[in-house]
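A.B. asks: I need the structure of the sequence given here:
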Amino acid sequence: MTKLLIAIICGFVVWKLFMGDKRYKQNKSEEKTENLKASGEMVRDPVCGAYVSKNSDIRVRQGDVVLNFCSYDCRETYLKRIQGPGEGDGQA
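C.D. replies: Model prediction:
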């Protein structure tokens, strides 16, 4: 009975250490992301609102403005949105 109680207590302590470490890493990751947003190294995707690196490979240039996207789907959605209905779809 005592061994079982000790095993349960040890398991609980290990679980708390693991969960505390996981929470610490998550907080550090969120803090790093916030710092990158504040410094301008991350920009917001105009379609879905996700933050992506300013050096992202998925982008569209409109004049002097460069827009970065989190995925090709978001980029295509944006391009369809700015084209408007009937433009560029091959219909006359």
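
A.B. asks: what is the mean pLDDT for the helix or strand where residue 32 lies?
C.D. replies: Per DSSP states H and E: residue 32 is located in helix 2-39. Averaging pLDDT along helix 2-39 yields 81.

A.B. asks: which other helices and strands contact it?
C.D. replies: strand 51-53 (3 or more C-beta pairs under 8 Å, 6 or more residues apart in numbering; DSSP states H and E). For the C-beta atoms, the positions are set from N, CA and C on the backbone; glycine is no exception.

A.B. asks: so which bits of the strand it packs on are buried?
C.D. replies: 51, 52 (16 or more other C-beta atoms under 10 Å).

A.B. asks: name the next helix or strand downstream of it, please.
C.D. replies: Next along the chain after strand 51-53, with elements defined by DSSP H and E, is strand 59-62.

A.B. asks: which elements pack onto that following strand?
C.D. replies: If you count contacts as 3+ C-beta pairs under 8 Å, 6+ apart, strand 59-62 packs onto strand 65-68, helix 72-83.

A.B. asks: in TSV: the ones you listed, plus mean neighbour count and mean pLDDT.
C.D. replies: TSV is the format used below for the helices and strands packed on strand 59-62 (neighbours: other C-beta atoms under 10 Å; pLDDT from 0 to 100):
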stretch	mean neighbour count	mean pLDDT
strand 65-68	14	90
helix 72-83	14	90
